[in-house]
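[1] Quick one: sequence plus predicted model below, questions after.
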Amino acid sequence: MVNILGKTIMTLNINGENKEVAAKPSDILLNTLRNELGLTGAKPSCENGDCGSCTILVDGWPIKSCLMLTVEAIGKKIMTVEGLEDAPIQKAFVEKWGFQCGYCTSGFLMVCHALANIHPDANDYVIQEWLQSNICRCTGYEEIKNAIKSIM
């Protein structure tokens, strides 16, 4: 790491590739992903961890990128929605109408992708618990539940 005018050059593993970014110690990962790396799939919304629109995976687990400092991502494997590369959950969301306006969709895709990997035999209770981490104002969540169930 090198300090340059209040910013530090650091290497992050994003979607399987090492990327150098310049960030201040106070920069949140959401802003670094969007502004420094052009990865705009994680959406800014509440910016306090309530809505889940900015959800990414960190070492395979869903994390709200508005709550994580960029510097905390050093040495971790970060996956954004851009890194899913035709994951089964993406097709399921299309086939089961798991989205409406689309603003929250990337966060839900990341949560559902992680759920399918971590709990491939999840029951309705586990699915509901995991989906509570994200908010959608357009759907009744049934389509999202149907999408995740279709790949399990």
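    Perfect, thanks for sending it.

[2] Show me what the longest helix seen in the chain packs onto, helices and strands only.
    Secondary structure of the chain per DSSP state H: the longest helix is helix 105-118. Helices and strands touching helix 105-118, by 3 or more C-beta pairs under 8 Å, 6 or more residues apart in numbering; DSSP states H and E, are strand 55-58, strand 61-64, helix 88-95, helix 124-131, helix 142-150. In short, each C-beta sits where N, CA and C put it, glycine included.

[3] Repeat the analysis, applying 10 Å as the threshold.
    strand 55-58, strand 61-64, strand 77-79, helix 88-95, helix 124-131, helix 142-150 (3 or more C-beta pairs under 10 Å, 6 or more residues apart in numbering; DSSP states H and E).

[4] buried residues in the third one?
    Meaning strand 77-79. Under the neighbour-count criterion of 16 or more other C-beta atoms under 10 Å, strand 77-79 has Ile78, Met79 buried.

[5] Strand partners (parallel or antiparallel) of it?
    Strand 77-79 pairs in its sheet with strand 7-14 (parallel), strand 55-58 (antiparallel), by DSSP bridges.

[6] between those strands, which gets the lowest average pLDDT?
    For the strands paired with strand 77-79, mean pLDDT drops lowest on strand 7-14, to a mean of 94.

[7] Direction included, what does the next helix or strand after that strand pair up with?
    Following strand 7-14 in sequence order, the next helix or strand is strand 17-23 (DSSP states H and E). Note on strand 17-23: by DSSP bridges, its sheet partners are strand 7-14 (antiparallel).

[8] can I have the partner strand written out in CSV, keeping just the CAs?
    Listed next in CSV are the C-alpha coordinates belonging to strand 7-14 (Å, rounded to 0.1, in the frame of the first residue of the first chain):
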residue,chain,number,x,y,z
LYS,A,7,-5.5,8.1,-0.5
THR,A,8,-4.0,4.7,-0.3
ILE,A,9,-3.4,2.5,-3.3
MET,A,10,-4.6,-1.0,-2.5
THR,A,11,-5.2,-4.2,-4.3
LEU,A,12,-8.7,-5.8,-4.0
ASN,A,13,-9.8,-9.1,-5.4
ILE,A,14,-13.0,-8.3,-7.3
